[in-house]
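Asker: dropping a prediction and its sequence here:
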Amino acid sequence: MDKIIEQIKTKITEYDNIIIHRHGHPDPDALGSQKSLATSISRTFPNKKVLLAGEGVGDLAWISTMDDVSLSDYSNALVIVTDTANTPRISGENYDKGDFLIKIDHHPNNDQYGDLMFVNDEASSCSEIIFDLLTTWNFVIGQDVATAIYTGIVGDTGRFMYDATSSHTFEVASELLKHQVNLPAVNQKLSEVTLEQAKLQSSVYDYLKIDESGAAWAIITQDDLNKLGVTMEQAHATVSTPGRLKNVVSWIIAVQKPTPETGYRIHYRSKGPIINTLAMKHDGGGHPLASGANASDEKEVQEIIDELILRVKQEA
Ligand code: AMP
């Protein structure tokens, strides 16, 4: 591991042009890891050109915005991808057109890509890994870098509550606070929703079906979203809602995609039974207790529900 960390530092030092990607439908960890790495490299090496690549950031523009990146930017460039387990999920075309590719991630390393990889699937978040790398390399960390990292950690740990939160995660958070991170502001931004999202959250309790095993599911259609004026991305605010219920063990939220896409985006969450192996069967993946996938139609959504019920019954 130490050797890879040094090799990544050498590559960053060598290249004048660096482009950083992350996954599509970004969450705070994707953007926090991407932004903190880019900002720290720019501060440490003011003469390098560092670009952030990827598609829309939706309501998360307060964390980071993207640069205009064209194909010509990739010639002789180092490309680094953060928080992205597999290549189909990388946001931004041309990620493979650079000179050298590095993967930095905290998901199980089932899809190995890149000329160099640093993957620690025990880290709470990719942002936590970025902090460890920046401190090992002695790169600059200021208030904005620390804020982006802290935002990613809080986002992926559900405010230090999920199981991947370790004593090291708290040590990192403690170090970050020395850089004047505005905790109330970050926490407020991460938890705030629009009134329409709050209404959708409460209707999830109406849509929710709970099997006697503790498996639960809710299907949100485009009609439901349109009635409230909520986008598919904004519907993400509903994902943890069923977990508050005492008798729910594992659950999915299926959100119908807007046309011209078809099918459903599936969010899996679990309090115990492992669900990422289920997600992998449906064009997805993720962490043992928090994963995502895709269903091409209602029939596949039903298969996903049946598999979830079976998994929860097996682990009872
Ligand atoms: P989400 O339900 O979108 O919040 O995703 C939960 C976790 O699963 C995150 O770590 C995502 O990066 C990961 N994930 C979501 N969708 C996919 C997918 N299609 N393939 C692989 N990983 C995914």
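Answerer: That came through fine.

Asker: contact partners for residue 197?
Answerer: By C-beta atoms under 8 Å, 6 or more residues apart in numbering, the residues touching residue 197 are 230, 234, 235, 237, 238. Yep, even glycine has a C-beta here, placed from its N, CA and C like the rest.

Asker: so the fourth one sits in a helix?
Answerer: Yes: under DSSP: H, G, I helix; E, B strand; the rest coil, residue 237 falls within a helix.

Asker: doesn't residue 202 make contact with it?
Answerer: No: judged on C-beta atoms under 8 Å, residue 237 makes no contact with residue 202 at a distance of 11.2 Å.

Asker: more neighbours: these two, which one.
Answerer: residue 237 (20 against 10; other C-beta atoms under 10 Å).

Asker: can you tell me, leaving aside adjacent residues, what's nearest to the more buried one?
Answerer: Nearest-residue entry for residue 237: residue 197, 4.5 Å, with adjacent residues in sequence omitted and distances by C-beta to C-beta, 6 or more residues apart in numbering.

Asker: so how far is the ligand from the one you found?
Answerer: 15 Å (C-beta to the nearest ligand atom, to the nearest Å).

Asker: and residue 162, by the same measure?
Answerer: Counting by C-beta to the nearest ligand atom - residue 162 and the ligand are separated by 11 Å.

Asker: what about that residue, neighbour count?
Answerer: Count around residue 162 with other C-beta under 10 Å applied: 17.

Asker: do the same with residue 316
Answerer: 10.

Asker: in this protein, which spans are strands?
Answerer: For the chain, applying DSSP state E gives strands covering 17-21, 49-52, 78-82, 100-105, 116-119, 209-210, 215-220, 250-256, 264-270, 285-287, 290-295.

Asker: just send these back as a markdown table, with mean neighbour count, distance to the ligand and mean pLDDT too.
Answerer: As requested, the strands of the chain are exported to a markdown table (neighbours: other C-beta atoms under 10 Å; distance: least, C-beta to the nearest ligand atom, whole Å; pLDDT from 0 to 100):
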| stretch | mean neighbour count | distance to the ligand | mean pLDDT |
| --- | --- | --- | --- |
| strand 17-21 | 25 | 14 | 98 |
| strand 49-52 | 20 | 18 | 98 |
| strand 78-82 | 28 | 11 | 98 |
| strand 100-105 | 23 | 9 | 98 |
| strand 116-119 | 18 | 13 | 98 |
| strand 209-210 | 14 | 19 | 98 |
| strand 215-220 | 23 | 13 | 98 |
| strand 250-256 | 26 | 8 | 98 |
| strand 264-270 | 25 | 4 | 98 |
| strand 285-287 | 21 | 2 | 92 |
| strand 290-295 | 22 | 2 | 96 |
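
Asker: just give me the neighbour total for residue 179.
Answerer: Counted with other C-beta under 10 Å, residue 179 comes out at 15.

Asker: just residue 222 next, same as before
Answerer: 13.

Asker: quick check: bridge partners of the closest residue in space to it that isn't next to it in sequence?
Answerer: What sits nearest to residue 222 in space, not counting adjacent residues and going by C-beta to C-beta, 6+ apart, is residue 256, at 4.7 Å. For residue 256, the beta-bridge partners are residue 264 (DSSP bridges).

Asker: list the contacts for residue 44?
Answerer: Counting by C-beta under 8 Å, 6+ apart, residue 44 has contacts 137, 139, 140.

Asker: how close does the residue sitting furthest away from the middle of the chain get to residue 247?
Answerer: Relative to the C-alpha centroid of the chain, counting by C-alpha atoms, centre = their mean, residue 212 is the outermost residue, at 31.0 Å. According to C-beta to C-beta, to the nearest Å, residue 212 and residue 247 sit 9 Å apart.

Asker: please apply the same query to residue 313.
Answerer: 14 Å.

Asker: again with residue 218
Answerer: For residue 218, the distance to residue 247 - C-beta to C-beta - is 15 Å.

Asker: near residue 47, how many other residues are there?
Answerer: With other C-beta under 10 Å as criterion, residue 47 counts 6.

Asker: OK, contacts around the residue nearest to it when sequence neighbours are not counted?
Answerer: Excluding the flanking residues, the one nearest residue 47 by C-beta to C-beta, 6+ apart is residue 16, at 7.2 Å. The contact partners of residue 16, by C-beta under 8 Å, 6+ apart, come to 47, 48, 49, 76.
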